[in-house]
Every structure is written in structure tokens, then in C-alpha cells.
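K.L.:
Kindly generate the corresponding structure for this input.
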Amino acid sequence: MYNLLKGKRGIITGALDQNSIAWKVAEKAHEEGAEFVLTNAPIAMRMGEINALAEKTGSKIIPADATSIEDLTNLYTQSQEILGGKIDFVLHSIGMSVNIRKKIPYTESNYDYFMKGIDVSALSFHKMLAVAKKLDAISEGGSVVALTYMAAQRTYPFYTDMADIKAMLESIARSFGYHYGLEKKVRINTVSQSPTKTTAGTGVKGFGDFFDFADSVAPLGNADAESCADYCITLFSDLTRMVTMQNLFHDGGYSSTGVSDDVMKRLGIEPES
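P.N.:
All right, here's what the predicted structure looks like:
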């Protein structure tokens, strides 16, 4: 523990259960001295274990639908009242694809489901930033981080419409990051995380095989949820006060590796020494 977030106030979204990255971020933020509120959509709260996390970290819970301007306005207003001041950091950890849940092929996407995924997983980020800016709810030099995945840059057939949605999320971070940075020095970044054994991740068809493949490609192996949480903490801290508008890969080197010796061996090709 380094007290990197001592005296800082935050909002953490998407902590569904102990396997989720947001849950780990909350635990780490608490260890590093931060105070924060937890939030999730009411339906997700009923499915998850967020009350246990709130008790462990001494946090309040504010239910909010991140697609609702009214709910987000209430979230920021109540959070500032509870925490006693402006917000220093925000984690956006929200993602959902009905097309993936229903195993609909990308080329046959249901567009109503597609739009729902965009609203929940990408536009919610824009709305969270827009409401915060309108209310002047984030302190100067504050930090906002959203979780993403490399399918925004490369094609993974199983990720279907979420690939397009994550690309939009990352674009919002760059576009909004310019305006918020110019006016309030607020930093906005996305973290592109390894395949991670979360409740959401393991629900994707073929996840186990792909997890093993990515792990065999990345020189350091897949980054787990706990190490991702550590990385997010550094982005919330003042140590990264000049980092903004970036898509930051946290994947053990997977994104920079073409092919690994391990994969070559699996193909029956002996790497040259």
C-alpha cells in the first residue's frame, strides 16, 4: 500500500461480483486510501454481490442506469454530497451485447439489439462525461478510465458487435478527452485489458480456448483482474497527471506480439534458436 489515492473521492461502476475488474479496483482503491461510491444498474445489483463490497470498503451504493441522464445527474449530485466534495476519479466498467448473449452472428446482427449495446456500453460513457462536465462534478486534474478490449483494433469473430462498440468507446475517450482536458485538465483514458476470467468474459462462446491462446502469445501471459486494478489505480493517481486521450494496452505484451514460440510449436514448427 502506497496511499496513492489518499484523500481522493471516486465513483466506481460495474462491480458485479468478486471476479469483476471493477470489484478489484474498488478493493485496491480502498487500500490506497480513497473514498468512493459504488453504482450499477438496478437489475445488475439484484444479480450481483455489491452489498458485500460496500460493507468491505465502507462505501455507499447509489443505483443508477448509466443510459439515463436523470440517473447520472442524481449519481453525481448524491456522490458529492456523500463524499464531501468533487469527484477525483471515475471508473466506467459497463458492457453488454444482446447479440452476443443470443449468439447472433455478426453479419446477421439484430439492429435493435445493436443499438441497445451501443447505448449501454459506449454512449453511457459519453453521457457520464457530459453530465459530469455540465455539473462541474469532477475536480481539476481528475481522471476517468473506461475498460475496453483489443477487438476495437483487430477482428475477433466471436466478439461480433461489441468490437464496433468498443471502437466507439475508445473514440469517445479521445474526443471528450480533448475538450475536458482543455477546460478542466480532466484526463480520460481507456485500458485495453487481456481476456479476463470475469463473469461476463467467461460467458462468451469459446472464451476458454481463446484465453489459453492469448496466454500463449503474450510474453508475460494474460494480465489478470487484480493487475488490471493496480494499473487503473496508477491512472487515478497523480503519477499519471499528464496521460490522457490514450488507449493503453494492459495485456502482457499480446498486442505487440505477432506469433510466439509456443504457438509455433503447437503448429508443429520448431522455432529457430
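
K.L.:
Could you use CA atoms for every contact and neighbour count after this?
P.N.:
OK.

K.L.:
residue ranges with poor pLDDT in the chain?
P.N.:
Across the chain, the ranges flagged by pLDDT under 70 are 48, 200-203, 205, 273.

K.L.:
Just confirm Gly10 contacts Gly85, I think it does.
P.N.:
No - using CA atoms under 8 Å as the test, Gly10 is too far from Gly85 to be in contact (10.1 Å).

K.L.:
The two: who's more crowded?
P.N.:
Gly10 (26 against 15; other CA atoms under 10 Å).

K.L.:
Now do the contacts for that one.
P.N.:
Ala34, Glu35, Phe36, Val37, Ile87, Asp88, Phe89, Val90 (CA atoms under 8 Å, 6 or more residues apart in numbering).

K.L.:
Just want the most central residue of the chain.
P.N.:
Per CA atoms, centre = their mean, the C-alpha nearest to the average position across the chain is that of Leu147, at 2.2 Å.

K.L.:
ok so it is a strand residue?
P.N.:
Yes - assessed with DSSP: H, G, I helix; E, B strand; the rest coil, Leu147 lies in a strand.

K.L.:
List the contacts of it.
P.N.:
His92, Ser93, Ile94, Thr190, Val191, Ser192, Gln193.

K.L.:
repeat that with 10 Å
P.N.:
Residues in contact with Leu147 (CA atoms under 10 Å, 6 or more residues apart in numbering) are 21-22, 91-95, 166, 169-170, 189-193, 228, 232, 247-248.

K.L.:
returning to what we had before: now do the shared contacts for Gly10 and Gly85.
P.N.:
Taking CA under 10 Å, 6+ apart as the contact rule, Gly10 and Gly85 both touch Ser79, Ile138.

K.L.:
Show me which residues of stretch 220-229 are buried.
P.N.:
Gly221, Asn222, Ala223, Asp224, Ala225, Glu226, Ser227, Cys228, Ala229 (16 or more other CA atoms under 10 Å).

K.L.:
The residues you listed in helices, which ones?
P.N.:
Ala225, Glu226, Ser227, Cys228, Ala229 (DSSP state H).

K.L.:
Next, find the distance separating the first one from Thr196.
P.N.:
Computed as CA to CA, to the nearest Å, the Ala225 to Thr196 distance reads 6 Å.

K.L.:
Please enumerate the strands of the stretch 101-250 of the chain.
P.N.:
Remark: strands assigned in the stretch 101-250 of the chain by DSSP state E, counting those that start in this stretch are 138-148, 187-193, 247-250.
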